[in-house]
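Chemist: Task: produce atomic coordinates for the following.
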Amino acid sequence: MFSQFSIFLNDKQIASQSNYSYRAFMESLLFSSKSNQDSLQSSALFFKDTAAEHDNAAGAIANNGFIARKNRCKLSKTVDLIGILHFDLASQPKLLINGVDVKIKLERHKDTLSLMSSADDFKLVIESASLFIRKINVAPSIVLAHEKALERGVIKMPIRRSEVRSFALSNGMQSSTIANAFIGHSDMFDSGACFKCCL
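Modeler: Here you go, the predicted structure:
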């Protein structure tokens, strides 16, 4: 549904993901259990597609994920969706301190990339949107410690970053080397690759 995600803390952009939809899809598909996909993620309209039928609108009768999504929103029904935002700051365990201004910017995908149909006469309309956040009350001693720390300098929060990048490969290539696929530090277990092959 969204192509790009940006987050700003105190009017400073700290993250921008131009391949947000791919990251959200891969995290939902690869890093969540089947029970999570069947329960929590179905409330965000995530239903796993049948293998080899995921992009075939004409043969959608064999795609169980497409049928489930279609039944939820057929006849232009209004659908309430709730799901998580896939960004690095949300996946780290630390909380933000008081007084941090948070701005989140989501840019819509074109309807042709959000919905699958054999016809092109559809559109996705967002009637309203809400952001649910968790707010906690901390002990006064912690607030005082934060204020003392801010007197000495800025607060730094380490964030483990994930990035989705795309590379174009020529048709018919049997193998290819991608230079600079991983820039900076990367752990073997944090790295991954996803390829779409057309033979």
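
Chemist: so which strand or helix has Ser3?
Modeler: strand 2-9 (DSSP states H and E).

Chemist: chain center to the longest helix anywhere in the chain: distance?
Modeler: The longest helix of the chain (DSSP state H) is helix 140-152. Relative to its chain's centre, helix 140-152 lies at 34 Å (Cα atoms, centre = their mean, to the nearest Å).

Chemist: what's the neighbour count on Val100?
Modeler: Neighbouring residues of Val100 were enumerated by other Cβ atoms under 10 Å; the total is 10. C-betas here are computed from N, CA, C, even on glycine.

Chemist: Does it touch Ile7 like I think?
Modeler: No - the pair Val100 and Ile7 does not pass the contact test of Cβ atoms under 8 Å, sitting 11.2 Å apart.

Chemist: what's the helix or strand for the spatially most central residue of the chain?
Modeler: Residue closest to the average C-alpha location in the chain (Cα atoms, centre = their mean): Ala24, at 2.8 Å. Ala24 is part of helix 20-30, with elements assigned from DSSP H and E.

Chemist: ok, residues contacting that helix?
Modeler: 1-5, 17, 37, 41, 44, 46, 48, 86, 106, 109, 113, 162, 164, 166, 192, 194 (Cβ atoms under 8 Å, 6 or more residues apart in numbering).
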